[in-house]
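Enquirer: okay, here's the prediction I keep looking at, along with the sequence it came from:
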Amino acid sequence: MLELALKGSKKYFGWIIALLVLVGIGFGFYLHQLDYGLGITGMSRDVSWGFYIAQFTFLVGVAAGGVMVVTPYYLHDYKAFGRVTILGEFLAIAAITMCLLFIMADLGQPMRMFNVLLYPTPTSVLFWDMIVLNGYLFLNIVIGWNVLEAERNNVHYPMWLKPLIYLSIPWAVGIHTVTAFLYCGLPGRGFWLTAILAPRFLASAFAAGPSLLILLCLFIRKFTKFDPGKEQIQSLAKIVAYAICLNVFFFLCEVFVVFYSQIPEHMLHLKYLFMGLHGKASLVPWMWTSMILMVLGIILLVNPATRKNENILALACVTVFVGTWIDKGLGMISGGFVPSPMEHVTEYAPTPPELMITFGVYAAGFLVLTLLYKMAISVKEEVRS
Amino acid sequence: MESSRRHFLTIAGLAALGLGAKPVLNALASGSAGEFTGGVDAFKLKPNDKALKAKQWAMVIDTRKIKQASDLEPMIAACNKIHNIPTFEDKRHEIKWIWEDEYHNVFPTAENKFLNDRVEHIPFLVLCNHCENPPCVRACPTKATFKREVDGIVMMDFHRCIGCRFCMAACPYGSRSFNFTDPRPFIKEVNKEFPTRMKGVVEKCDFCAERIDVGQLPACVEASNGILTFGDLYDPKSNVRELLKSNFTIRRKQSLGTEPCVYYIV
């Protein structure tokens, strides 16, 4: 099927080349980082994880979000989603690819990466995260590929695939739960030390993943001969609506516990993010923007009149996606490190080389996504004609 | 052609098998210590006869003897010198094994609004607490940071560390530093007795394990003029236990259950 990704219009190849150029630039900066060390980033002794780990965390969510099209189709026999499950699975593959690249970009000694396998340490959540992420990548490649090939050949997918499909559903929940456990099990970090973190991560994932999927569906309908379907898009929109409501609700639960209990170790981080601490407040405008966007998303998605209008729906999906991205890709990680365990306020901002490496990884992810979607859509067009 | 390819595949397969079996072999070898003379244990170094021994090393810092920053300087300087600690201009990249800070930063969870004048103004010494229940060791995905079984020192294997910095997030005391770039050009005078580090690995205080193993006290304790006392927490007759018995002491964030082994007499 790979040959399908190698045929396309001039625009298609233009896009591919543009992505390759971005990947190349990012890789160039990465070589510089490899040579100099992580000192080229904005990270510090106090804020020892930054943009890379934040993007990783957000994208694990996008990957897990793919399950929101798989579950209704395979578990609830919601036939309409049969047309778009492959899009969810392929989005997951691209997102996990980015996650793994971000982890690699963040390692101080990447050439020692396989020490994680040579000295397996079950007490470390990072060890389990490696297992669940690679497992999820493997499951989605096997499932996506075989289902698509069966569709192309006009046969039912092989029966041995069924257990793997069922396994992939709890596995999706697993990847984001384990990722949340990276943070919420650490004794000295009050911002993350909350049992609601994993549910919050999942809720934001099930909002961000499907909202990106809706935008991709609208794009595909406009630029290819394959129509993912009006009903499918509307069903996805309802999923996003529920998920974003839950995400904001979980966040407010956290806000209540923190500010009613008034325990400083928990309160200081939220104060830093939303009000600033000791005069340092670089994330304040971002965090309020995130809140406004998520609330706006709720208003536009819950109201049937606005949800059913696909132009407004697209806008709502953008607000949800950007809102959850700021929440997780910007505030969630730095917020946990400021103030430091010794209550010093060291702020963090990514540096230009760090941003270029980040763009490079995103470009690599979109390249994977483009090639996979090109394959999937070509098969769909073939089958329908 | 065919046979050489098959040969290659066999070797590749065996190599992959060996890779997977290594941790198992290690476990087997360590489980059978003393029963047979072969295996990994045969290559273990014999410990130095003069090595100091303890079940769990601990430190007591008598802050009553601290008047000003200059009282702490010899200890910090001694540590920096023997451990090849680099000096970075950029505060973000600082490497710190032992350093000083104010009371309310060292004990943020035990802060009184109105503090004793002396405590308010003296500098406090901070270093790795060598916790009995260390969250950093739990978090490390490669066992590059580990608790030495014989005496409870939380140590670092600089050659195994992959630089993921999970331990830095896990440490509730900010005791760990990361080499954001090659530290070697920033070391004033290299001590050849102790390894320098490379970029991309985490490091921290090791309670001078290398000195203890040849019968010397930690460098900071030696330079402390009686401010620091070092000994076995589980020997009821140790100097540390004597001090703990006769003085009221506090520890950093002890409510977290990490069981820090650095005690402060305030």
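Expert: The structure has been received and is ready for your questions.
Enquirer: near the closest residue in space to A:Ser385 that isn't next to it in sequence, how many other residues are there?
Expert: Using CB to CB, 6 or more residues apart in numbering or on different chains and skipping the chain neighbours, the partner closest in space to A:Ser385 is A:Lys225 (7.9 Å). For every residue, glycine as well, the C-beta is placed using N, CA and C. For A:Lys225, the count of nearby residues is 12 (other CB atoms under 10 Å in any protein chain shown).
Enquirer: now A:Asp46
Expert: 21.
Enquirer: again with A:Gly88
Expert: Count around A:Gly88 with other CB under 10 Å applied: 26.
Enquirer: would you say it is within a helix?
Expert: Yes: the assignment for A:Gly88 is a helix, going by DSSP: H, G, I helix; E, B strand; the rest coil.
Enquirer: so what's it up against?
Expert: With contact set as CB atoms under 8 Å, 6 or more residues apart in numbering or on different chains, A:Gly88 has these partners: A:65-70, A:209, A:213.
Enquirer: got the contact list for stretch A:103-111?
Expert: Taking CB under 8 Å, 6+ apart as the rule, stretch A:103-111 contacts A:30, A:33-34, A:37-38, A:49, A:52-53, A:56, A:113, A:357, A:361, B:161-165, B:178-179, B:198-202.
Enquirer: those residues in helices, which ones?
Expert: A:30, A:33-34, A:52-53, A:56, A:357, A:361 (DSSP state H).
Enquirer: how about these in JSON lines, adding neighbour count and pLDDT?
Expert: Shown next, in JSON lines, are the ones in helices among the contacts of stretch A:103-111 (neighbours: other CB atoms under 10 Å in any protein chain shown; pLDDT from 0 to 100):
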{"residue": "A:Tyr30", "neighbour count": "20", "pLDDT": "98"}
{"residue": "A:Gln33", "neighbour count": "19", "pLDDT": "97"}
{"residue": "A:Leu34", "neighbour count": "16", "pLDDT": "97"}
{"residue": "A:Tyr52", "neighbour count": "24", "pLDDT": "97"}
{"residue": "A:Ile53", "neighbour count": "25", "pLDDT": "97"}
{"residue": "A:Phe56", "neighbour count": "25", "pLDDT": "97"}
{"residue": "A:Ile357", "neighbour count": "28", "pLDDT": "98"}
{"residue": "A:Val361", "neighbour count": "26", "pLDDT": "98"}
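Enquirer: and residue 140, what does it touch?
Expert: The chain I'm using is chain A. Going by CB under 8 Å, 6+ apart, the list of residues near A:Asn140 reads A:66, A:89-90, A:92-93, A:96, A:168.
Enquirer: chain B is the one I meant
Expert: A:121, A:124, B:146, B:166-167 are the contacts of B:Cys140 under CB under 8 Å, 6+ apart.
Enquirer: ok, 7 Å please
Expert: A:121, A:124, B:166-167 (CB atoms under 7 Å, 6 or more residues apart in numbering or on different chains).
Enquirer: need those in JSON lines with pLDDT, can you?
Expert: Listed next are these as JSON lines, based on pLDDT from 0 to 100:
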{"residue": "A:Thr121", "pLDDT": "95"}
{"residue": "A:Ser124", "pLDDT": "97"}
{"residue": "B:Phe166", "pLDDT": "97"}
{"residue": "B:Cys167", "pLDDT": "97"}
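Enquirer: please list the members of these that lie in helices.
Expert: B:166-167.
Enquirer: which one of the contacts of B:Cys140 sits closest to A:Ala237?
Expert: B:Phe166 (37.7 Å; CB to CB).
Enquirer: was I right about the closest one contacting B:Ala139?
Expert: Yes: using CB atoms under 7 Å, B:Phe166 makes contact with B:Ala139 at a distance of 4.4 Å.
Enquirer: which parts of the stretch 1-150 of chain A sit against chain B?
Expert: A:36-39, A:44-45, A:48-49, A:107-109, A:112-113, A:115-116, A:118-121, A:123-124, A:126-127 (CB under 7 Å from any CB of the partner chain).
Enquirer: mind running it again at 6 Å?
Expert: A:36-39, A:44-45, A:48, A:107-109, A:112, A:115-116, A:119, A:121, A:123-124, A:126-127 (CB under 6 Å from any CB of the partner chain).
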